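Peer 1: heads up, no residue letters with this:
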Ligand code: FPP
């Protein structure tokens with residue numbers, strides 16, 4: 001079954017000339033969106049998946065090169081089984097409805113620890129990564145069973161192994177070597193991190209990659225996040241002075 005998708009909404013805010021290279025989204029507020037309507041939380045996730053779908057299309061159409069989405073965190077396993085199953089089912093539906101991305105030459109990259117996910121999902125993720133690795137119009141990065149600290153610990157283990165094998169010495173460990181051992185190897189750091197729903201935190205998402213990110217927070221709940229709201233975030237971003245520690 002194909003995932004239902006949202007009708008495109010009109011935008012009135014004009015896009016700025018310079019767009020960020022990498023935009024990351026924390027898709028927060030699905031549960032509250034559903035609760036406000038007296039519905040179970042899983043309906044909020046379904047509606048959130050529609051917004052996600054629309055955002056991927058819109059970002060591809062305006063030429064953003066890298067977009068990341070926090071789909072499921074290493075901490076989300078603490079949620080009730082029914083909710084976890086609903087998110088996994090949505091993900092499964094979505095993973096089987098990705099032809100348009102391949103047609104649009106989008107590269108799909110899954111970050112996080114795949115090993116705890118249902119086997120059919122792991123297999124499909126690997127297939128999609130393989131089928132899309134030749135494309136470069138946009139990188140679509142999905143964080144699933146992802147945690148920033150877990151990612152850094154994973155990188156530390158890989159580097160320790162290199163040291164143990166005698167390929168590098170501890171003195172040779174640089175920031176670049178750490179970046180190259182993260183799940184996001186080869187992807188530029190995050191320029192703009194967007195979190196809807198009124199929460200003002202990073203929640204363990206891309207913590208290394210966000211060292212110099214700009215943040216955009218809004219009270220809108222993720223299912224209501226729109227193309228117009230993204231345009232506003234992009235304008236806001238374009239007006240910020242980024243100095244990366246310089247003057
Ligand atoms: C956070 O909102 C959202 C999640 C933990 C799940 C995000 C998943 C989706 C949008 C759907 C699946 C995505 C794909 C790619 C098909 P919350 O539940 O914490 O909201 P709340 O803070 O209002 O409770």
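Peer 2: Happy to help now that I have it. It should be emphasised that the depicted structure is a prediction, and the values quoted were computed from it without experimental measurement. Numbers count the residues shown, from 1 in each chain.

Peer 1: C-alpha from now on. contacts and neighbour counts both.
Peer 2: Noted.

Peer 1: what residues are up against the most centrally placed residue in the chain?
Peer 2: Note on the chain: the residue nearest the mean C-alpha position is residue 69, at 1.8 Å, using CA atoms, centre = their mean. Counting by CA atoms under 8 Å, 6 or more residues apart in numbering, residue 69 makes contact with 24, 25, 26, 27, 141, 142, 143.

Peer 1: buried residues in whichever strand or helix holds residue 72?
Peer 2: Assessed by DSSP states H and E, residue 72 sits inside strand 66-73. By neighbour count on 16 or more other CA atoms under 10 Å, the buried set for strand 66-73 is 66, 67, 68, 69, 70, 71, 72, 73.

Peer 1: any chance of the residues you listed in a markdown table, plus distance to residue 211 and pLDDT?
Peer 2: Shown next, in a markdown table, are the buried residues of strand 66-73 (distance: CA to CA, whole Å; pLDDT from 0 to 100):
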| residue | distance to residue 211 | pLDDT |
| --- | --- | --- |
| 66 | 17 | 98 |
| 67 | 17 | 98 |
| 68 | 16 | 98 |
| 69 | 17 | 98 |
| 70 | 17 | 98 |
| 71 | 21 | 98 |
| 72 | 22 | 98 |
| 73 | 19 | 98 |
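
Peer 1: which ones among these come in contact with the ligand?
Peer 2: The subset of the buried residues of strand 66-73 within reach of the ligand, by CA under 6 Å from any ligand atom, is 71, 72.

Peer 1: for residue 173, give its distance to the ligand.
Peer 2: Distance of residue 173 to the ligand, computed by CA to the nearest ligand atom, to the nearest Å: 34 Å.

Peer 1: between the buried residues of strand 66-73, which sits nearest residue 44?
Peer 2: Checking these against residue 44 by CA to CA gives residue 71 as the nearest, at 13.3 Å.

Peer 1: what stretches of the chain score poorly on pLDDT?
Peer 2: Scanning the chain for pLDDT under 70 picks out 1-8.

Peer 1: what residues does it put near the ligand?
Peer 2: Proximity of the chain to the ligand is confined to 27-32, 45-46, 48-49, 71-72, 87, 90-91, 94 under the rule CA under 6 Å from any ligand atom.
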